[in-house]
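J.: Sequence isn't available, so here's the structure alone:
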């Protein structure tokens, strides 16, 4: 593929022609038509389970695929043979369009969505003042001396007035009507925005937000008894330091932890603003007050900006695209919190996307719409495949699908029977879905907590499916045609089995401390997680956020490497890892050989020329290098967009996304920042197509615009 990329890059044609566009979008139309037909066939699931919404939105999705695909196929008719550039662009754009259109069911059928709401302050806000010649008495008084409600300002701080010999403590209270929130909403985060008016403080302090989780204080309108500090949570919410205060601008105070319990879904949200010197009992030496606009002041009232999770209302557009991309690319990272709560239609749709995506939509299309000429093989290679099982590419892709269908049927039977014999009846539904996502190394589950609730025997059955999914289809063909010795001698299969045992043992030893020095428990959890990472499946049975950075690093390495080339697994691929190892060994050996010595290059038991060896190693090195560069770019972006997250967790999450794995330390969730969510979508897209198709597409677009 690198040779073809080099040839394409050196091509002197500077502009993509309209014929090129027609060739590309004609085949994209074919992809959309086939996927649309499959989704319409899947409507049998909501029909069986009598889910009217499922029929409607699955039918809508299939209709959209056909409604876009058929016109593209008709309008872009062109008899010109496609080339490398066309095939790579078709792959890149095809997977992108499928992920975008395929997000429709998640917009309407998912368990819930992340929503936002902005609430203006209530005109009954204000401040209370406690005054006394004794600072402690002024601070701890149960009743205040001054009530200012409905005025122009909110005042926070404290002051010593020598003319009156009084200490005065100013505490402000903001009121928001949050009753429009759904009662079942879960508050994800909140931002309190206060418009800065005056800063009279001679000593900077922090403004702390507090609340009464019981919801009774402060009263509306304010009363003298609202002043008593013990009526509010001792644990402070987020804070804002007056050294950063903006005058004539909004000052943001963000909170997203336990303090979100102060946000009421049934009526008024009431918050108390205090000075940190007031909270700490630090006696003022002079004026230490700041002033903010109240609601009555005019055009810049207090504002409460909320982000909340609303169950049963579908996902936001970006979250839906994320979930769709994770499905079609076989990644398995998910925005869903409770899989068992999903309608059966969406459970099966998630599994179907991974089952088709694991093999590849282009392979599916070639299986059904056989096309003559070299274009079929070029398209076949665009999804990162090289090996031909049979002489023709059409017979190869059809053989791949027959193998996959056979294994799926046998896998469903295996899980169903194992569940019966070990008294863990999984039912036909669980067996079907977990076989589809396990064999395709996707990792979506129909049960909460992935597959953590299964016992050892059922986990072994799932491990078997994961490993089978990570073995190349060419090796499976040898196995099914009775060539057992050839199957066992396959270099990638042997490397996979060896890495499973070596990596599993290393990870077990690393995690012994995590599991209270229980070696067997560490072996049980570590081995499953490592196989899930190496095969790029993403099933999980434990909380990975509790693991050490060393353990996560071992897992990240497995996810980067991935399974066999020509399988359903992701990552850089075992074959490239083997080539890089061989290349290093060849280079090292040549150092000790005489200059004119004849050196034998062998790969997979076959002798190859020096030029072939160098080409193979160079291609593996270039792909791997670009893969790692894009990986680190993703790590940088996610790190900056998720402040405070441990770097080990970020590296793990990005490796999981770009390796098309799906394991998570908890960063991937419905309310993750927009930038991080978008970056992980790109990582999944890049990982599924192995970079080259995306580079070709970008180059074609830039040349179309004459940028270089």
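T.: Alright, I've got the coordinates. All values reported here derive from a predicted model rather than from experimental measurement.
J.: going forward, measure contacts between C-alpha atoms and count neighbours the same way
T.: OK.
J.: Confirm residue 147 sits in a strand?
T.: Yes. Membership of residue 147 in a strand is supported by DSSP: H, G, I helix; E, B strand; the rest coil.
J.: Could you check which helix or strand contains residue 482?
T.: Assigned by DSSP states H and E, residue 482 falls within no helix or strand.
J.: and what of residue 666?
T.: Using DSSP H and E, residue 666 maps to neither a helix nor a strand.
J.: Apart from its neighbours in sequence, what residue is nearest it?
T.: residue 545 (6.8 Å; Cα to Cα, 6 or more residues apart in numbering).
J.: Please name the bridge partners of the closest residue to residue 172 other than its chain neighbours.
T.: Among residues not flanking residue 172 along the chain, residue 127 sits closest, at 4.0 Å (Cα to Cα, 6+ apart). Assessed by DSSP bridges, residue 127 has beta-bridge partners residue 148, residue 172.
J.: Where do the helices of the stretch 501-650 of the chain begin and end?
T.: Per DSSP state H, counting those that start in this stretch, the stretch 501-650 of the chain carries helices over the ranges 519-534, 549-561, 574-592, 610-641, 647-658.
J.: make that the stretch 251-400 of the chain, sorry
T.: Going by DSSP H, counting those that start in this stretch, the stretch 251-400 of the chain shows helices at 276-280, 317-328, 344-359, 361-368, 375-382, 393-421.
J.: could you dump those helices to CSV with distance to residue 454 and mean pLDDT?
T.: CSV is the format used below for the helices of the stretch 251-400 of the chain (distance: least, Cα to Cα, whole Å; pLDDT from 0 to 100):
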stretch, distance to residue 454, mean pLDDT
helix 276-280, 50, 90
helix 317-328, 23, 93
helix 344-359, 19, 93
helix 361-368, 31, 62
helix 375-382, 37, 55
helix 393-421, 9, 90
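J.: Out of the ones you listed, flag the one nearest residue 89.
T.: Nearest of those to residue 89, taken as Cα to Cα: helix 375-382 at 8.7 Å.
J.: circling back to that earlier point, next one: the residue nearest to residue 666 from residue 653, what distance?
T.: Separation of residue 545 from residue 653 (Cα to Cα, to the nearest Å) stands at 11 Å.
J.: Residue 119 now?
T.: To residue 653, residue 119 is 34 Å away according to Cα to Cα.
J.: same check, this time on residue 310
T.: From residue 310 to residue 653 the distance is 25 Å (Cα to Cα).
J.: Same question for residue 402.
T.: Per Cα to Cα, residue 402 is found 34 Å from residue 653.
J.: just residue 418 next, same as before
T.: From residue 418 over to residue 653 (counting by Cα to Cα), the distance is 32 Å.
J.: Those two: which has the busier surroundings?
T.: residue 653 (27 against 18; other Cα atoms under 10 Å).
J.: What is the burial count for the closest residue to the more buried one other than its chain neighbours?
T.: Of all residues not flanking residue 653 in the chain, residue 664 sits nearest, at 5.8 Å (Cα to Cα, 6+ apart). Residue 664: 25 surrounding residues under other Cα under 10 Å.
J.: pretty sure residue 664 is in contact with residue 657, am I right?
T.: No. In this structure, residue 664 is not within contact of residue 657 by Cα atoms under 8 Å, at 9.1 Å.
J.: Need the overlap of contacts for those two.
T.: residue 333 (Cα atoms under 8 Å, 6 or more residues apart in numbering).
J.: Quick one: low-confidence residue ranges for the stretch 501-650 of the chain.
T.: 595-598, 603-605 (pLDDT under 70).
J.: one more time with 80, if that's ok
T.: 586-616, 643-644 (pLDDT under 80).
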